[in-house]
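> have a look at this prediction, sequence included:
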Amino acid sequence: RVHAFHERWFGDDLERMRRLFAQLLDALPGAEWAFEGLSARLTVAGRWDELLDAYEEVLSDRRIAGPRRERLLRDAVHVAKDFADRPERALFALRELMVSGRLEAGLARAFERCLRERGLYRPLFSLWQATLEAKVAVDERALRLELSALLSKELGEPRAALDELRTVLAMAPGDAAACALVFELLARDAVPPPLRLEALARLRLHHDSAARPRDVVEALEAALGFADKESAASLHRELGSRRAALGESSRAMEDYAALLRLLPGDVDGRLQLRLLAERSGEHERHARALEGAAQTATSQAERADLLLSAMHIHARELWQIDEAVALGQRVMALAHSHPTVARDAALCVAELLAGKDREAERLEALERLCASEEHAHVRAALNVEIAAAHRALGEHERVLSLWEAELSRAPDDEHALSHAIEACDEIGRAAGRE
């Protein structure tokens, strides 16, 4: 009677009739005629959002079931998609139809296209998630791949994207498409570094399981772009090892060189570099790597040791005398930090310059050797060499001073006395010539 009264006297008053139908539906949720009356008036008025609200409200009553419920659900989908142009408002109905198994595949795909074209990515995600939850007969792997791409690229949720990809890789270890999406997360600057490292761990595991070593190398290279010093050293070490296994000796040596620039004292890095140089014959690259590490070394003793090793490579493997001598002189300048290494460098320089008409440089090396020598017979032999170098430079007074110093140390040294007398004679002869 209330409805009939309002229809007769207030039928053109939409607001009054809308309130009446709302009250009627509150009192009589199952009154189909009341909902149809409300639906008709809101449709004529084009009040689509309110109409969709009404569908949601009436469908929240689980007592409405069977064919009527399915019809209301389909009507709601139709209104949202074709009249309201609000496809996202149909999700509640689509989800229920999907769970009940009454949603046609064609309709679901049409909604997917519609949502994607409008850039409604969050509703699209909800639709796909509902599809998975409803266990609809779809290609779960393919759908999860699409979900992860949507989460990563459109919704800006890399953590959720990686979680989806983890599920895919658990279903299909080493899956190439999933690994490609994980790599995108690894390479993207906007992704937080801890998550990128987690992506790297996933890629390493699954590329290895699928026997794709070069893909692991590519992933490790990408990780270098954001790694801190400690992580970068670890990455270079692994890259060096993997590239060596692939037969890429030159690039492996570059990785170990980078490792030594970060950790100049790394013993294993130096060992692997030497082994690669011996295998490939790239001794020049080996020497340059050690010199680069010496530049970043904070310890003077460490720097001296690296330079000495580089000097030996230039001298023994490359026969580059000038480069070896220059490095040896740098090591000798660090004698206070590492006397033993400096002595080795001086000995090498002296040997390299023997007979090279570079007596002044050789003399410096011999004097350093002599100053650090403890055994008298070795020191005596070195003094003979030093005296010869002074003599070649015309420094006869220096020769005499040398042997006088030896006599002051050992007055009974007949060998030193003989050389001192000879030096005096040379000084006299030189004075006579003048």
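Done, it's in.
> and the helices in the stretch 251-400 of the chain?
Under the criterion DSSP state H, counting those that start in this stretch, the stretch 251-400 of the chain contains helices at 267-280, 283-296, 300-312, 321-332, 339-353, 359-372, 376-392, 396-409.
> I meant the stretch 1-150 of the chain, not that one.
Under DSSP H, counting those that start in this stretch, the stretch 1-150 of the chain gives helices at 2-10, 14-27, 32-45, 48-59, 66-78, 91-99, 105-117, 121-133, 140-149.
> hey, least reliable of those by pLDDT?
Sorting the helices of the stretch 1-150 of the chain by mean pLDDT places helix 2-10 lowest, at a mean of 53.
> of all the helices of the stretch 251-400 of the chain, which lies closest to residue 180?
Closest approach to residue 180 among the helices of the stretch 251-400 of the chain (C-beta to C-beta): helix 267-280, 31.2 Å. (Each C-beta comes from the backbone N, C-alpha and C, glycine too.)
> mind giving me the packing neighbours of the closest one?
helix 229-245, helix 249-262, helix 283-296 (3 or more C-beta pairs under 8 Å, 6 or more residues apart in numbering; DSSP states H and E).
> okay, those in TSV with distance to residue 94 next?
Listed next are the helices and strands packed on helix 267-280 as TSV, based on distance: least, C-beta to C-beta, whole Å:
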stretch	distance to residue 94
helix 229-245	45
helix 249-262	53
helix 283-296	61
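> of those, flag the one that's most buried.
For these, the largest average neighbour count (mean count of other C-beta atoms under 10 Å) is found in helix 249-262, namely a mean of 22.
> quick one: mean pLDDT for it?
pLDDT averaged over helix 249-262 gives 96.
> pull the CA atoms of that helix into CSV?
Written as CSV, here are the backbone C-alpha positions of helix 249-262 (Å, rounded to 0.1, in the frame of the first residue of the first chain):
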residue,chain,number,x,y,z
SER,A,249,90.7,-15.5,-19.3
SER,A,250,91.1,-11.9,-20.2
ARG,A,251,87.8,-10.8,-18.7
ALA,A,252,88.4,-13.1,-15.7
MET,A,253,91.7,-11.3,-15.1
GLU,A,254,89.9,-7.9,-15.3
ASP,A,255,87.5,-9.1,-12.6
TYR,A,256,90.4,-10.2,-10.3
ALA,A,257,92.1,-7.0,-11.0
ALA,A,258,89.0,-5.1,-9.9
LEU,A,259,88.9,-7.3,-6.8
LEU,A,260,92.5,-6.4,-5.9
ARG,A,261,91.7,-2.7,-6.3
LEU,A,262,89.0,-3.2,-3.7
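> so what's residue 174 closest to, chain neighbours aside?
Leaving out its chain neighbours, the residue that sits closest to residue 174 by C-beta to C-beta, 6 or more residues apart in numbering is residue 210, at 3.2 Å.
> list phi and psi for that neighbour.
phi -100, psi 10 (degrees, to the nearest 10).
> OK, contacts around it?
Going by C-beta atoms under 8 Å, 6 or more residues apart in numbering, residue 210 touches 173-174, 176, 179.
> and those as TSV, adding neighbour count?
Formatted as TSV, the contacts of residue 210 follow (neighbours: other C-beta atoms under 10 Å):
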residue	neighbour count
173	12
174	16
176	12
179	23
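> so how far is residue 181 from residue 153?
As judged by C-beta to C-beta, to the nearest Å, residue 153 and residue 181 stand 9 Å apart.
> I meant to write residue 244 there.
Residue 244 is 30 Å from residue 181, where distance means C-beta to C-beta.
> same question, residue 102
On the measure of C-beta to C-beta, residue 102 and residue 181 end up 33 Å apart.
> who has more neighbours, the two?
A count of neighbours by other C-beta atoms under 10 Å puts residue 181 above the other of residue 102 and residue 181, at 23 against 11.
> need the phi and psi values for residue 320.
phi -100, psi 90.
> spatially central residue for the protein, please.
Centroid-nearest residue in the chain: residue 223, 1.3 Å away (criterion: C-alpha atoms, centre = their mean).
> burial of the nearest residue to that one once chain neighbours are set aside, as a residue count?
Closest residue to residue 223 apart from its sequence neighbours, by C-beta to C-beta, 6+ apart: residue 200 at 4.9 Å. Burial of residue 200, expressed as a neighbour count using other C-beta under 10 Å, amounts to 22.
> is residue 200 within a helix or a strand, and which one?
Using DSSP states H and E, residue 200 maps to helix 193-209.
> picking that back up, quick one: the residue nearest to the centre of the chain and residue 236 touch, right?
No - in this structure, residue 223 is not within contact of residue 236 by C-beta atoms under 8 Å, at 10.5 Å.
> which pLDDT value goes with the residue nearest to residue 174?
94.
> please apply the same query to residue 409.
Predicted confidence (pLDDT) for residue 409: 68.
> count the neighbours of residue 351 for me.
Going by other C-beta under 10 Å, the residues that sit close to residue 351 add up to 12.
> do residue 157 as well
15.
> what's downstream of the helix holding residue 200, the next helix or strand?
According to DSSP H and E, the helix or strand after helix 193-209 is helix 213-223.
> show me what that next one is packed against.
helix 176-187, helix 193-209, helix 229-245.
> buried ones in the first one, by neighbour count?
Spelled out, it's helix 176-187. Neighbour-count burial for helix 176-187, counted by 16 or more other C-beta atoms under 10 Å, picks out 178-179, 181-187.
> quick one: mean pLDDT for it?
Per-residue scores along helix 176-187 average to 95.
> tell me the angle that helix makes with helix 213-223.
On the basis of axes from the mean of the first three to the mean of the last three C-alpha atoms, to 10 degrees, helix 176-187 is oriented at 20 degrees to helix 213-223.
> cool, the last one as well?
For helix 229-245 and helix 213-223, the angle between their directions (the same axes, to 10 degrees) works out to 160 degrees.
> what's around residue 86, how many residues?
Per other C-beta under 10 Å, the neighbour tally for residue 86 reads 16.
> ramachandran angles for it?
phi -130, psi 70.
> excluding its backbone neighbours, what's nearest it?
Using C-beta to C-beta, 6+ apart, the closest residue to residue 86 is residue 80 (5.3 Å).
> one more: residue 77?
Using C-beta to C-beta, 6+ apart, the nearest residue to residue 77 is residue 90, at 4.5 Å.
> OK, contacts around residue 385?
Neighbours of residue 385 in contact, by C-beta under 8 Å, 6+ apart: 350, 366.
> isn't the residue nearest to residue 223 up against residue 220?
Yes - the pair residue 200 / residue 220 is scored as a contact, 7.3 Å apart, by C-beta under 8 Å.
> follow-up on the earlier one: TSV for the buried residues of helix 176-187, including distance to residue 261?
Shown next, in TSV, are the buried residues of helix 176-187 (distance: C-beta to C-beta, whole Å):
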residue	distance to residue 261
178	35
179	31
181	33
182	30
183	27
184	30
185	29
186	24
187	24
